[in-house]
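K.L.:
Attaching a predicted model along with its sequence, questions to come.
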Amino acid sequence: MVPAIARPQLDLELRGIRKRYGNFTAVDGVSLKVKKGQFVCLLGPSGCGKTTSLRCIAGLEEPDDGDILIGGKEVTRDPPWERDIAMMFQDFALFPHMTVAKNVAFGLEMLKKPKAVIVERVQQVLKSFEIDALANRKPGSLSGGQRQRVALARAMITEPRILLLDEPIGALDYSLRETVMLELKMLQQRTGISFIWVTHDQNEAFSLGDLVVVMNHAKIEQQGPPEEILQRPATAFVASFVQGNNVFRGKVLRAADSLLEVETPAGSFLVPGAGLALGSDVSFSVRAENLTDITGDHHLNRLTARCTAVEYFGSVRRHIFERSDGELLKYDQFGAHAARIAAGQVATLGWRPEDTVLHTGIAG
């Protein structure tokens, strides 16, 4: 008899979760698997269902359909305190009348841990978060970064299987965010606790997430590692939502040698792909950094347009062009290279067919 292969237990599994409010569907058939110790970012525009999904995981909302499993245990109808989770909100939700030490101790007190255990554990956690000097102060006297650390310490002290974070650094000054993001990533890796992070900020999602889940209109449009979402968007929405993509929509004109010729209002372009009927509606995208204004024989896709603006993003110089179909085209050039195109200039840009991504989802 062949012995059964031990399979690693999932920290979280969502099976077809649906949540409605009257006639409005906030979450529609969301399924997700989170491996042990994974950092997952739910990314999408406002109203896409990411926060409602998080609240269902937390037990703050009960789904109308579907199942929620935490650590292999079905918890769909269980109250929050029986789910082995902790949650951190954007406003931190600290108790203003309590000291930092009392705030941090709150979770252990609710679990009715012995007083000596609570005192010892609070001291350990305050020190590990470098807020032990703040133990006797109240939240109102702390900076945004200090309050954020206190809220994290309070959430982590119970050593939950999963930490749920709803836009946790949205209230921080921009200058603090990069530092806090690095600290949180290191904390997550050190503890091995799975983080489920809700955000509309792409920089947060792609910097932090092992798994990025892009949501739109209550559904998951695409999920995968950050590089896959960035380089291989599955749908026109994902390509449009993720910064740096140029999206085209058109119809298949002809097919040969694993290439499709797609006719669009901005011209005809070659796209890798096969198995689509002539006349099929499709969409495809090309990233701004894969375009060039120094074209060679291998840049079979070409487009002539007028540059309307030049923007600077640190090491990147972004050129904005207006296509003949009225849509904008983005072209990124490393800032260290000499500028070659100015606003008002007409230029021909090209890219290789293999740098084009045909979307597997609907073209709309």
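P.N.:
That came through, no problem.
K.L.:
buried stuff in the helix or strand of the chain with the lowest mean pLDDT?
P.N.:
When the helices and strands of the chain are scored by mean pLDDT, DSSP states H and E, helix 174-191 comes last with a mean of 80. By neighbour count with 16 or more other CB atoms under 10 Å, helix 174-191 contains the buried residues 177, 180, 181, 183, 184, 185, 187, 188. Backbone N, C-alpha and C define where each C-beta goes, glycine included.
K.L.:
now stretch 285-304
P.N.:
Quick answer for stretch 285-304 (16+ other CB under 10 Å): 285, 286, 287, 288, 289, 290, 291, 292, 299, 300, 301, 303.
K.L.:
now those residues in CSV, with distance to residue 81, secondary structure and pLDDT?
P.N.:
Below are those laid out as CSV (distance: CB to CB, whole Å; DSSP: H, G, I helix; E, B strand; the rest coil; pLDDT from 0 to 100):
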residue, distance to residue 81, secondary structure, pLDDT
285, 45, strand, 97
286, 49, strand, 98
287, 45, strand, 97
288, 47, helix, 96
289, 48, helix, 95
290, 50, helix, 96
291, 53, coil, 96
292, 57, strand, 94
299, 60, coil, 95
300, 60, coil, 95
301, 57, strand, 97
303, 58, strand, 95
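K.L.:
Which of those residues sits closest to residue 360?
P.N.:
Among these, residue 285 lies closest to residue 360 (CB to CB), at 12.0 Å.
K.L.:
hang on, that closest one packs against residue 248?
P.N.:
Yes. At 7.1 Å, residue 285 and residue 248 qualify as touching, with contact defined as CB atoms under 8 Å.
K.L.:
Okay, strands next: where are they in the stretch 251-364 of the chain?
P.N.:
Along the stretch 251-364 of the chain, counting by DSSP state E, counting those that start in this stretch, strands occupy 259-264, 267-272, 281-287, 301-313, 316-322, 328-334, 346-351, 356-358.
K.L.:
and residue 227, which of these is closest to it?
P.N.:
strand 281-287 (11.8 Å).
K.L.:
How far off centre is the closest one?
P.N.:
21 Å (CA atoms, centre = their mean, to the nearest Å).
K.L.:
Please save the CA atoms from that strand in CSV.
P.N.:
Output in CSV follows, covering the C-alpha atoms of strand 281-287 (Å, rounded to 0.1, in the frame of the first residue of the first chain):
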residue,chain,number,x,y,z
ASP,A,281,-13.0,40.5,-30.1
VAL,A,282,-9.7,40.6,-28.2
SER,A,283,-7.7,42.8,-26.0
PHE,A,284,-4.0,43.0,-25.4
SER,A,285,-1.4,45.1,-23.6
VAL,A,286,2.2,46.2,-23.7
ARG,A,287,4.1,47.6,-20.8
